[in-house]
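**Student:** My questions are about this predicted structure, shown below with the sequence.
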Amino acid sequence: MRIGLLTGGGDCPGLNAAIRAVVKRGLGEYGHSIIGFRNGWKGVAEGDVMPLTRHDIRGVLDTGGTLLGTARYHPHSADGGLDAVRATLEAERIEALICIGGDGTLHAASKVAEETGTKIVAIPKTIDNDVAGTDRSIGFDTAVHIATEAIDRIHTTAESHNRVMVIELMGRSAGWIAVQAGIAGGAEVVLTPEEPFDIDRVTRYLKHRHRAHASFSIVVVAEGAVPAQGSSMEWETKYGKFGEIVSGAISERVAEEIAARTGFDTRVTVLGHVQRGGTPLPSDRILGSRFGVAAVDALQQGRTSVMTALRGEEVVLVPLEEVAGKAKPVPEELIRVANALA
Ligand code: F6P
């Protein structure tokens, strides 16, 4: 079989482990050809191919990023995108496609499958961990690890300077990284998109804490966090409206409000793309490897329009249409734990 392979959307640690697994399983076990597309769906539309051999995957297991490159490109939003994708798939005689991506890539995969009849198996990856249908996406564990380490480091300087340190973490409209790194790093306050916050409560709590027993605090803010409707915090900045995700916007506003209402010395850290870079943790290498093998095996068994997923300890296949475009918010229990330990 000629199997196409792409990575789309934002990169993350663990992608190369998945690519390696697809190539090893596909070439070695079944004798398939693996045709990589550079830069996600854009590469498919442009016919930018990179046939993958054992040589290409040597030494990549522990590397970050994606050896195929990636792009935020949606064939359905680009002029003539879908026709171009169809033409490349025909020209390259692609019989099946493995798409590694987050919700945007998976949504495109489900539409391409529907409209061109291409056999597709998807693999979920995103540091945001917001792909529905799977307990984990490739890259999430590493991002939480990096964010937790950053919080640990900020703790010591917060304490030395008696400051309130506001740390913004990625996650788009989900607070998975913020909640998990917030719990692991012992943050005093964790603000998430799932639970709009009341700035009065936050500042009352910080004042109480500093009066009672502490001289510093750590406030973790998910980049998609929003103030509660009718809360006393106005969203009037150069950045735009509630819920618009602009790096640094919400954390700067929160820090300004804290400083104005408490008089505490406040600093902001926007962790940004550090969360997506560098060496994957073993758990992401393992998850990428498991998903890669499962995706090739799925095609071998004639399963298509499915996504590999982790459910508990098991890797399973779930129908793509059940997960594409669906949200996966942080469960209440995790948010409760983050709040309870503040
Ligand atoms: O989806 C992953 C993610 O890192 C989000 O957490 C973040 O909002 C976004 O990508 C940043 O995108 P870009 O790398 O295109 O700036």
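**Tutor:** Thanks, I have the structure now.
**Student:** Please make it C-alpha for all contacts and neighbour counts, starting now.
**Tutor:** Fine.
**Student:** Which stretches in this protein count as helices?
**Tutor:** With DSSP state H as the criterion, the chain has helices at 15-23, 30, 40-46, 81-91, 103-116, 140-161, 176-185, 199-212, 249-262, 282-300, 320-323, 332-340.
**Student:** can you list these in TSV and add mean pLDDT?
**Tutor:** TSV is the format used below for the helices of the chain (pLDDT from 0 to 100):
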stretch	mean pLDDT
helix 15-23	98
helix 30	91
helix 40-46	97
helix 81-91	96
helix 103-116	93
helix 140-161	98
helix 176-185	98
helix 199-212	95
helix 249-262	95
helix 282-300	98
helix 320-323	94
helix 332-340	95
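**Student:** Could you say which of those helices is packed most deeply?
**Tutor:** Most buried of these, by mean neighbour count (mean count of other Cα atoms under 10 Å): helix 15-23, with a mean of 28.
**Student:** neighbouring contacts of that one?
**Tutor:** For helix 15-23, the surrounding residues in contact (Cα atoms under 8 Å, 6 or more residues apart in numbering) are 5, 7, 34, 52-54, 57, 60-67, 100, 125, 138-139, 285-293, 295-296.
**Student:** Recalculate using a threshold of 6 Å.
**Tutor:** For helix 15-23, the external contacting residues (Cα atoms under 6 Å, 6 or more residues apart in numbering) are 57, 60-61, 66, 285, 288-289, 292-293.
**Student:** Next, format the helices of the chain as a markdown table and append distance to the ligand.
**Tutor:** As requested, those are exported to a markdown table (distance: least, Cα to the nearest ligand atom, whole Å):
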| stretch | distance to the ligand |
| --- | --- |
| helix 15-23 | 13 |
| helix 30 | 33 |
| helix 40-46 | 13 |
| helix 81-91 | 20 |
| helix 103-116 | 9 |
| helix 140-161 | 9 |
| helix 176-185 | 9 |
| helix 199-212 | 23 |
| helix 249-262 | 12 |
| helix 282-300 | 15 |
| helix 320-323 | 16 |
| helix 332-340 | 18 |
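**Student:** okay, those helices in TSV with distance to residue 272 next?
**Tutor:** Listed next are those as TSV, based on distance: least, Cα to Cα, whole Å:
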stretch	distance to residue 272
helix 15-23	19
helix 30	40
helix 40-46	22
helix 81-91	30
helix 103-116	20
helix 140-161	10
helix 176-185	12
helix 199-212	23
helix 249-262	12
helix 282-300	19
helix 320-323	27
helix 332-340	22
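**Student:** Tell me the bridge partners for residue 122.
**Tutor:** Counting by DSSP bridges, residue 122 is bridged to residue 99, residue 307.
**Student:** Now do the contacts for it.
**Tutor:** Contacts of residue 122 (Cα under 6 Å, 6+ apart): 98-100, 307.
**Student:** Closest one to residue 271 out of these, please.
**Tutor:** residue 100 (24.7 Å; Cα to Cα).
**Student:** what's the distance between that closest one and residue 31?
**Tutor:** Computed as Cα to Cα, to the nearest Å, the residue 100 to residue 31 distance reads 21 Å.
**Student:** quick one: which of those two has more around it?
**Tutor:** Using other Cα atoms under 10 Å, the more surrounded residue of residue 100 and residue 31 is residue 100, with 30 against 13.
**Student:** Quick check, the more buried one in contact with residue 7.
**Tutor:** Yes. Using Cα atoms under 6 Å, residue 100 is in contact with residue 7, at 4.7 Å.
**Student:** Over to stretch 36-54 now: how far is its first residue from its last?
**Tutor:** Termini of stretch 36-54 sit 13 Å apart (Cα to Cα).
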